[in-house]
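>>> Need the 3D shape of this:
(3 chains)
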Amino acid sequence: MSVSAGTQLYEFARQLYPICRSITGAGVRETLRLIGTRAPLTLHEVPSGTRVFDWEVPLEWNIEDAALFDPDGRRAVDFRAHNLHLVSYSEPQEAVRTLEELSPHLHSLPEHPDWIPYRTSYYRRNWGFCLRHREREQLRPGRYRVSIRSSLARGSLSYGEVVIPGRTREEVLFFAHVCHPSLANDNCSGMAIAAALAQWLAGEKCRYTYRFVFAPGTIGSLCWLKRNQHRLPYVRHGLVLALLGDAGPLTYKMSRRESAEIDAVAGYVLPSIDPQARVIGFSPYGYDERQLCSPGFNLPVGRLTRSVNGGYPEYHSSADNLTLIRAENLQQSYEACQRIVAVLEGNGQYVNLSPKGEPLLGKRGLYGAVGGMSPAQREQALLWVLNQSDGSRALLDVARRSGMDFQVIREAATALEGAGLLRAVHARAAPRHRRPAIRHKATSGAARRERKARLKRGRKQ
Amino acid sequence: MSVSAGTQLYEFARQLYPICRSITGAGVRETLRLIGTRAPLTLHEVPSGTRVFDWEVPLEWNIEDAALFDPDGRRAVDFRAHNLHLVSYSEPQEAVRTLEELSPHLHSLPEHPDWIPYRTSYYRRNWGFCLRHREREQLRPGRYRVSIRSSLARGSLSYGEVVIPGRTREEVLFFAHVCHPSLANDNCSGMAIAAALAQWLAGEKCRYTYRFVFAPGTIGSLCWLKRNQHRLPYVRHGLVLALLGDAGPLTYKMSRRESAEIDAVAGYVLPSIDPQARVIGFSPYGYDERQLCSPGFNLPVGRLTRSVNGGYPEYHSSADNLTLIRAENLQQSYEACQRIVAVLEGNGQYVNLSPKGEPLLGKRGLYGAVGGMSPAQREQALLWVLNQSDGSRALLDVARRSGMDFQVIREAATALEGAGLLRAVHARAAPRHRRPAIRHKATSGAARRERKARLKRGRKQ
Amino acid sequence: MSVSAGTQLYEFARQLYPICRSITGAGVRETLRLIGTRAPLTLHEVPSGTRVFDWEVPLEWNIEDAALFDPDGRRAVDFRAHNLHLVSYSEPQEAVRTLEELSPHLHSLPEHPDWIPYRTSYYRRNWGFCLRHREREQLRPGRYRVSIRSSLARGSLSYGEVVIPGRTREEVLFFAHVCHPSLANDNCSGMAIAAALAQWLAGEKCRYTYRFVFAPGTIGSLCWLKRNQHRLPYVRHGLVLALLGDAGPLTYKMSRRESAEIDAVAGYVLPSIDPQARVIGFSPYGYDERQLCSPGFNLPVGRLTRSVNGGYPEYHSSADNLTLIRAENLQQSYEACQRIVAVLEGNGQYVNLSPKGEPLLGKRGLYGAVGGMSPAQREQALLWVLNQSDGSRALLDVARRSGMDFQVIREAATALEGAGLLRAVHARAAPRHRRPAIRHKATSGAARRERKARLKRGRKQ
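This is a model prediction of the structure:
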């Protein structure tokens, strides 16, 4: 990927930025439509009222216009100027209020008087405006007219999936949340990178099946988890993608297991791409790893960001805009993902077919003929792979133990396999298709059709 | 406990200080009587000659008076002036000896010429005097009269127990040795703190049963172990208490296991009370952890001191007196014990009853309604407890992993349990009452009566 | 061993130095004959053409004379001046070549123009000369006569074994390679030390059987492995000995397991002998640990050197001569080996026969009678051994945990065993004699006779 790739990522983030997204509604659908222009996306709809574990899919929210009119009738706070001005999921409202009565419905940031905060009220009916603290202080006492032309009605929650089938049913899961409105880093950056990865992988031949989920935070990942419980045993690795365009160092947050293969792979790859890269421990707050790594699922899924949520001043404010993210940061984040994919794909386990002593590499053209000199790096890699390949170690373990580059070790394994000295140990057989422990309630037509097709395939097998 | 609590501890230590204790005899009984004024103490007597594992309870020793008279007939060394002047367990003696003949029976400290050393000869019949080296050097040649009016006769070894029953039969054991004569830190400090803990816990409702043993060192703990072998499987945690009044930092010595819960709890609590606190590895020398942690018992019992045995110059000399210990040190030691008890009591294991994804905390009033802001510490604690409660981790593990205070984690667990989201995992069922592998020989009347009563209870169960 | 022992080691290395060794031929036999004058060595011969795992024993190589004659007919490169001048295993050659044609057959070191490099071509027929780069640059263009009077013919590969039987069949294996020509550190030093160890152990009564193998590198250890597969289960510990005379720090390279007892023992012993000593991780390049630690054998064998292979500038050149090695270095290396043997021999596991509480040491004369003073180091060692002897820990574990010297711990165990308080836990029963998985082909007469004798013994058992 050339430098212009970073520019393409930035351009797509810019395209996504103005849309007023929330956890449901037209903004999410428009976002998924745009992503679908890049990669083969399937749209899923989960009806309002669907029970999802301890939760319920809320009414669908859409917004036409909203403003707070000052005593002079001017739009003192205007949704049309910035979609952060309205508390997300604000219920419809037409009312007149004094400034004092309005106070609990106004949100501002005294410590950052020029930024509009981002606030939501998904699960308790409420309404409110967010505004610059500097502007709030200039509001004169008097009677203000509130006009919120939103709708809260039965509809559905939308999410999208891109699935790139691989040689095996075992899956790598990428997850990006699509519910934040005009916040560039959080998460236009993550959506842009996930879409580009999907586009790239659609053209590659892979060992793993790659699944990209674009869904609203929390309730969206819960919906996906509920509908895909039968698939979870196939999820071998995963990454939540978010906050990938700012200037912070690449930061990998470990899965709840902290010893999953993705934890080792990300911990190995990141420092080679960003010397400042950090690996941080798991914690139960953050993005959708909260759900994916809850104790009932405990998926081997980590998270890649640059700065972390809450870890930069512009977080969840209008200052998280298109000047905060940069093409070169997006590109570096994207390359980290590509490298992680490459190591996951190549991280096989092998068994040495000539394990008693070293095999004679010279007669196979793999080793120099004149003795007495130290072997080249390539020859050292051959010896490392042969010595360590007892079926219990993956190539990344060999790279770590030898201190050699993964790619060199990988190439040595390929050469030895070609010479008949090594055999790949097939990863443990994928678990049999199990019926999910919790049955699906009837949901959207698409989901029903999908399930029916699956059952039919099942009978034929 | 207010500052005056430290004063109370000091006052009790002062009361205990003058008594001439040894491993048997009137001094121990008087000490136990005083402790019994603070907490409901049961006195146990083990007759001389009783076999205790590889040992035998020695004859009971009592002392009336002892002195070494110089050639002028003056009391050159006088037991009435300081009970350390006599080697403990000195056999009765009336004799005249030259200074040279006396030499093997005189003990002094050339490097600390103003201190009287503490010496004993429990298991080989012998006699001797301990004196300041400065005074020893002034003894003129000549004939000295030795007069030791002690008795060594069949009697018994005394120890005391305070038992505070809890909701379960599982026990926390506190052990303080009561055999040292006028040595303030070793162990008037430990006895005072153990007595105060017993007094405090007698007024608390606890999960664990608390057992305080006040017994002579080594032979006393062996007697207790022999008589309580059937109880040992219930001992879940324990602490030997000694040397708790000097100015040294709080020092926890790990149990032989080094991975017992008490090791984790003490290691967590101490630094929060004393920034200089130390945790040291197990070693087989010290106080009664030598017996409690011998390989045949291997109890999960650690030891709390400030300075360690042998670790301060005044150790085992007359300089270990009431000026060495201070009320504030005693109080800090006491608070450490209280905090350890609190963590042991609260260190439950839980299972999340809604483990698939996060439960919706907002609808249960446990989480703020407006989204977009970082959750408060209390909300973070809820997420940590929910995420980690898979039945395999205790709350202290959650506190350590999250970096949050144990108390905050504990309160989150209580709130979640109250909301029906968490269930306590009952610690493994207490082992059935097993007959001890080694039978008791007939011992004191009190012990016989106790055993009879136990058997009777057993039949009724 | 006195300082003169270092001198003796040096003298033997000096005796071995001039011989022109290779992986087969008269030089190896002469070397083994000299070693046999020190210790009871058995000579083994493996015929050319014998299949050895993936390898085959090559034709036997012998050399009478070799030279490169310049256009004036002078010996420009002369094997008689230094045996490194000829590439080892050079095939017979009588030819006239221009300087340019000669170039691929000439080897020199531009970065060390005064040193002759060491080069071999065992497994591809070839020939060549090694020379000082300074001399090479002075060769005038013209026609040179090549004369190599070597022979490559059916014969055999020679190796030697010294076996010192111990009380058990369990073995400690020492391996020294004998294939390098005039290179003093690599490996006259290792051969001299191995021979001296064998000589020493022949006069000791040992728990283990000690086996010393003197064999050519790689193909020699493979031959030994093939012929001794039935013995490998008895190899409990081992050391490859090489590069033991230079000024580098003692360096232990761990076995492939990295957790073998030899790894712990060497890691414990070395710092006590050389404060600069290093322990390095396993790697699959080096000396015969490459074969002994290949995944099909994975023997608990480490390697002792000073500098490592390739780790000093003189490595594999004529500068690795008798001025590079020194008597005091050889002696220190030898003492390290002796100390490792002593710890291996003494590193027993014991079980405390009086595990409930401490046994009364005083009545057994093991403990001072007067109490109150800190016990002496010897008494501390007794307590440590008693406390830790639950059958799961070896004495080296006790030494490490206690921080006490192994020898003091060892003596305490002996005293406690003598007092009936400790019983040695016999190491796991030696595995039954198993037929090797891979059958021997008929090899030398000596090997056949040995096998026949073994079978006869087997029938009698």
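>>> Where do the strands of the stretch 201-350 of chain A begin and end?
A:209-215, A:235-241, A:251-253, A:278-280, A:301-305, A:349-352 (DSSP state E, counting those that start in this stretch).
>>> got TSV for those strands, with distance to chain C, mean pLDDT and mean neighbour count too?
All C-beta spots, glycine's among them, are computed from the backbone N, C-alpha and C. Below are these laid out as TSV (distance: least, C-beta to the nearest C-beta, whole Å; pLDDT from 0 to 100; neighbours: other C-beta atoms under 10 Å in any protein chain shown):
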stretch	distance to chain C	mean pLDDT	mean neighbour count
strand A:209-215	32	98	25
strand A:235-241	26	98	25
strand A:251-253	26	98	23
strand A:278-280	23	98	15
strand A:301-305	28	98	27
strand A:349-352	5	97	20
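>>> quick one: which of these is nearest A:Tyr159?
Of all the strands of the stretch 201-350 of chain A, strand A:209-215 sits nearest to A:Tyr159, with 3.5 Å by C-beta to C-beta.
>>> who's in contact with the closest one?
A:31-32, A:35, A:39, A:41, A:159-166, A:168-178, A:191, A:194-195, A:197-198, A:201, A:221, A:223-224, A:234, A:288, A:341 (C-beta atoms under 8 Å, 6 or more residues apart in numbering or on different chains).
>>> Just those: which are in helices?
A:31-32, A:35, A:191, A:194-195, A:197-198, A:201, A:221, A:223-224, A:341 (DSSP state H).
>>> between those residues, which is closest to B:His230?
Out of the ones in helices among the contacts of strand A:209-215, the member with the shortest distance to B:His230 (by C-beta to C-beta) is A:Ser221, at 53.6 Å.
>>> coming back round to it: can you name the two of the ones in helices among the contacts of strand A:209-215 that are farthest apart?
A:Cys223 and A:Val341 (25.8 Å).
>>> These two: who's more crowded?
A:Cys223 (29 against 23; other C-beta atoms under 10 Å in any protein chain shown).
>>> Run through the residues that contact that one.
So A:Cys223 contacts A:44, A:46, A:50, A:52, A:57, A:157, A:159, A:215 (C-beta under 8 Å, 6+ apart).
>>> Which pair in those has the greatest spatial separation?
A:Thr50 and A:Ala215 (13.9 Å).
>>> Tell me the bridge partners for A:Arg211.
A:Val163, A:Leu173 (DSSP bridges).
>>> hang on, A:Ala192 packs against A:Ala327?
No - if you go by C-beta atoms under 8 Å, A:Ala192 and A:Ala327 don't touch, sitting 10.5 Å apart.
>>> Now the common contact residues for those two.
Counting by C-beta under 8 Å, 6+ apart, the residues touching both A:Ala192 and A:Ala327 are A:9-10.
>>> Neighbour count: the two, which is higher?
Neighbours per residue, other C-beta under 10 Å: of A:Ala192 and A:Ala327, the larger number sits with A:Ala192, 31 against 18.
>>> Please name the residues that touch that one.
A:9-10, A:12-13, A:16, A:330.
>>> Which parts of chain A are helices?
Using DSSP H, helices in chain A cover A:3-16, A:26-36, A:99-102, A:133-137, A:190-201, A:219-227, A:261-273, A:289-292, A:327-346, A:377-388, A:395-402, A:406-418, A:445-460.
>>> what's the first one packed up against?
Helix A:3-16 is packed against helix A:26-36, helix A:190-201, helix A:327-346, with contacts defined by 3 or more C-beta pairs under 8 Å, 6 or more residues apart in numbering or on different chains; DSSP states H and E.
>>> so the shortest one versus helix A:3-16, what angle?
In other words, helix A:26-36. Following axes from the mean of the first three to the mean of the last three C-alpha atoms, to 10 degrees, one obtains 160 degrees for the angle between helix A:26-36 and helix A:3-16.
>>> Would you mind pulling up the elements that helix A:26-36 packs against?
By 3+ C-beta pairs under 8 Å, 6+ apart, helix A:26-36 packs against helix A:3-16, strand A:41-47, strand A:156-164, helix A:190-201, strand A:209-215.
>>> Specify the angle between the last one and strand A:156-164 in degrees.
Using the same axes, to 10 degrees, the interaxial angle of strand A:209-215 with respect to strand A:156-164 works out to 160 degrees.
>>> For chain A, what lies in contact range of chain C?
A:352, A:354-360, A:362-363, A:369-375, A:380, A:383-384, A:386-390, A:401-402 (C-beta under 8 Å from any C-beta of the partner chain).
>>> Filter the residues you listed down to the buried ones.
A:352, A:354-360, A:362, A:371-372, A:375, A:380, A:383-384, A:386-390, A:401-402 (16 or more other C-beta atoms under 10 Å in any protein chain shown).
>>> what about the stretch 301-450 of chain A, any weak spots by pLDDT?
Scanning the stretch 301-450 of chain A for pLDDT under 70 picks out A:369, A:427-450.
>>> Taking it, what residue is nearest to chain B?
With C-beta to the nearest C-beta as the measure, A:Gly310 is the residue of the stretch 301-450 of chain A nearest to chain B, at 4.8 Å.
>>> distance of that residue from A:Leu222?
For A:Gly310, the distance to A:Leu222 equals 22 Å [C-beta to C-beta, to the nearest Å].
>>> For the stretch 201-350 of chain A, which residues are neighbours of chain B?
A:218, A:221-222, A:225, A:256, A:281, A:283-285, A:290-291, A:293-298, A:310, A:316.
>>> Of these, keep whichever come out buried.
When these are checked against 16+ other C-beta under 10 Å, the ones flagged as buried are A:218, A:221-222, A:225, A:256, A:283-285, A:290-291, A:293-295, A:297-298, A:316.
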